[in-house]
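1. from the sequence below, what's the structure:
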Amino acid sequence: MAIRPFHTLRRSAALLLVLALAACARPATEAQRATDAATAGAAQTPAGAVASGRYPDLFVEAGYPREEVDARLQAAFAQLFHGDAKEQLVYYETGSNAHGPMAYIHDVNSGDVRSEGMSYGMMIAVQMDRKREFDAIWNWAMAHMYQVDPAHPALGYFAWSVRTDGVANDEMPAPDGEEYFITALYFAAQRWGDGEGLYDYRAHADRLLGDVLHRQRITGPTARGEMAAGNLFDHEAKMVRFTPDLVSAAHTDASYHLPAFYEVWARVGPQADRAFWKEAAQASRDYFAKAAHPDTALTPDYGNFDGTPWAAPWRPEAVDFRYDAWRSAMNWSVDWSWWARDPRQVEMSNRLQAFFASQGMAGYQSLYTLDGTPLGGGQATGLVATNAVASLAADHPRRLDFVRALWELPVPEGQHRYYDGMLYMMALLHCSGKFRAWLPADATPPAAAAPVADAAPL
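-> Residues are numbered from 1 along each chain as shown. A predicted model of the protein is given here:
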């Protein structure tokens with residue numbers, strides 16, 4: 001029998017008391033708002049939202065009417081995907097090919113198209129039930145970013161940065177792109193069904209996931225000279241690599257760790273590898289517990305597999321909490337919300353939000369040393385967004401302050417609308433309970449772990 005945690009019961013009881021007092025002071029039309037909030041506050045069982053089917057709506061819990069939440073989601077999507085081309089859009093349709101319409105997600109500030117943004121765009125589209133946009137992004141990614149040359153070190157992966165005309169700036173991958181592509185494809189297969197060829201979503205997800213784990217070492221020429229690269233996950237550490245090239249393969253990036261997705265792969269990915277993905281999910285949970293600072297819960301941008309920061313030779317400041325690391329708390333909090341496997345994630349989100357609250361909700365910065373020394377950067381929408389998603393795991397009353405802070409922000413516009421906008425849109429989905437794991441009803445995890453097949457070292 002599923003028993004709700006004491007902190008959930010306490011929070012729900014307090015919420016119901018507040019709502020009851022508010023209902024007495026407001027017109028009868030507020031009754032539905034109280035009902036919605038009580039439903040949202042019922043939240044997670046120990047099995048998590050995937051098992052219970054109840055994805056918390058933090059906005060409703062914070063007192064916003066459900067119809068306003070739904071309207072905000074639609075308006076944000078409309079602006080970022082179909083708004084003004086000069087100041088609002090990140091999604092640009094660009095003709096078609098034999099497979100249909102094509103579109104890219106543009107990093108306006110950097111002037112390129114990134115696998116990160118393309119995969120985020122696909123995930124947003126499947127969660128919003130927007131198949132046309134999903135297919136158009138996937139079509140462009142496969143046409144201009146995916147490597148098919150068997151002699152290339154990036155075979156089977158997506159170039160992490162290309163120009164808007166499809167010419168690669170760097171042919172090598174950034175693994176978070178592959179992780180989001182794969183998971184979005186599995187969700188599309190479940191939500192819309194598989195099509196043919198390019199739109200046989202599950203077949204492409206299976207192939208990509210197989211390469212992520214089993215791609216053998218290839219040495220060959222790239223635009224940056226000869227490189228040697230292998231798979232995207234270290235078989236021994238069971239963790240995502242920073243990159244697959246040998247120079248950086250023994251390192252990682254906390255924001256690339258997505259245990260919530262690995263649990264999905266353990267249920268719907270290729271059968272022979274499901275036990276590995278189950279173990280990878282736990283390895284990432286343990287990694288977060290090591291990498292998060294004991295006082296602030298801030299993680300570094302880059303790290304070693306043992307949880308210590310990594311000062312990359314070309315970017316020594318990666319030992320600090322910077323732009324990549326904004327996403328770490330989002331990743332562990334979604335994992336808690338979906339699967340509820342590691343109570344340490346609750347404590348980490350509480351600790352992280354306590355730190356930012358101590359800095360001032362309106363004035364905390366975007367960049368810090370891990371122990372909390374400010375490094376500037378102002379207050380960015382992207383960080384406000386990911387800090388709100390941390391409320392999926394946090395159980396302190398301040399959690400709703402972070403949700404309200406997100407709600408008060410407008411949809412990003414202008415020069416920095418790409419990264420801020422993508423994180424903002426995903427945070428709206430997460431905090432509204434609309435970012436869901438689309439899985440078959442009979443999807444079950446493996447019973448026991450097994451060795452990974454053909455695990456050749458790099």
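2. for stretch 427-440, measure first residue to last.
-> Taking C-alpha to C-alpha, to the nearest Å as the measure, stretch 427-440 stretches 25 Å from start to finish.
3. now do it, average pLDDT.
-> Computed over stretch 427-440, the mean pLDDT rounds to 98.
4. can I assume residue 165 sits in a strand?
-> No - going by DSSP: H, G, I helix; E, B strand; the rest coil, the assignment for residue 165 is coil, not a strand.
5. look up how far residue 436 lies from it.
-> Relative to residue 436, residue 165 is positioned 35 Å away (criterion: C-beta to C-beta, to the nearest Å). C-beta coordinates here come from the backbone N, C-alpha and C atoms, glycine included.
6. doesn't residue 303 make contact with residue 251?
-> Yes - look at residue 251 against residue 303 with C-beta atoms under 8 Å: they come within range, at 6.8 Å.
7. what touches both of those two?
-> Common contact partners of residue 251 and residue 303 (C-beta atoms under 8 Å, 6 or more residues apart in numbering): residue 310.
8. so where's the stretch 301-450 of the chain shaky on pLDDT?
-> Across the stretch 301-450 of the chain, the stretches falling below the confidence threshold (pLDDT under 70) are 447-450.
9. what segments of the stretch 351-458 of the chain are helices?
-> Counting by DSSP state H, counting those that start in this stretch, the stretch 351-458 of the chain has these helices, from start to end: 381-389, 399-407, 417-431.
10. who has more neighbours out of residue 165 and residue 436?
-> A direct count of neighbours by other C-beta atoms under 10 Å for residue 165 and residue 436 places residue 436 higher, at 17 against 8.
11. measure how buried residue 196 is and give me the count.
-> Burial of residue 196 is recorded as 7 neighbouring residues (other C-beta under 10 Å).
12. same question, residue 236
-> Residue 236 is surrounded by 9 other residues when neighbours are defined as other C-beta under 10 Å.
13. wasn't it part of a helix?
-> No - counting by three-state DSSP, residue 236 is located in no helix; its state is coil.
14. got a list of what residue 185 touches?
-> Applying C-beta under 8 Å, 6+ apart, the residues contacting residue 185 are 122, 138, 201-202, 204-205, 208.
15. ok and the helix or strand hosting it relative to helix 417-431, angle-wise?
-> With secondary structure defined by DSSP states H and E, residue 185 is part of helix 175-192. Direction vectors for helix 175-192 and helix 417-431, defined by axes from the mean of the first three to the mean of the last three C-alpha atoms, to 10 degrees, enclose an angle of 50 degrees.
16. C-terminal to helix 175-192, what's the next element?
-> In the C-terminal direction, the helix or strand that comes right after helix 175-192 (DSSP H and E) is helix 201-214.
17. hmm, who's touching that next one?
-> Residues outside helix 201-214 that contact it (C-beta under 8 Å, 6+ apart): 155-157, 175, 178-179, 181-183, 185-186, 188-189, 192, 194-195, 198, 231-233, 235, 265, 268-270, 273, 276, 452-454.
18. just checking: what are the partner strands of the following helix or strand past that helix?
-> Toward the C-terminal end, the helix or strand that comes next after helix 201-214 (DSSP H and E) is strand 218-222. With DSSP bridges as the test, strand 218-222 is paired with strand 225-229 (antiparallel).
19. which parts of the strand it pairs with are buried?
-> 227, 229 (16 or more other C-beta atoms under 10 Å).
20. pull the CA atoms of it into CSV?
-> Below are the C-alpha coordinates for strand 225-229, written out as CSV (Å, rounded to 0.1, in the frame of the first residue of the first chain):
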residue,chain,number,x,y,z
GLY,A,225,41.8,18.0,-36.7
GLU,A,226,42.0,14.2,-36.2
MET,A,227,40.1,13.0,-33.2
ALA,A,228,39.2,9.7,-31.6
ALA,A,229,35.8,9.2,-30.0
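21. residue 56 and residue 163: what is the separation?
-> Distance from residue 56 to residue 163, by C-beta to C-beta: 40 Å.
22. so for the two, which residue has more residues nearby?
-> residue 56 (21 against 12).
23. what separation is there between that one and residue 395?
-> 12 Å.
24. give me phi/psi at the nearest residue to residue 157 once chain neighbours are set aside?
-> Computed as C-beta to C-beta, 6 or more residues apart in numbering, the closest residue to residue 157 that is not its neighbour in sequence is residue 173, at 3.8 Å. Recorded main-chain torsions at residue 173 are phi -90, psi 160, according to degrees, to the nearest 10.
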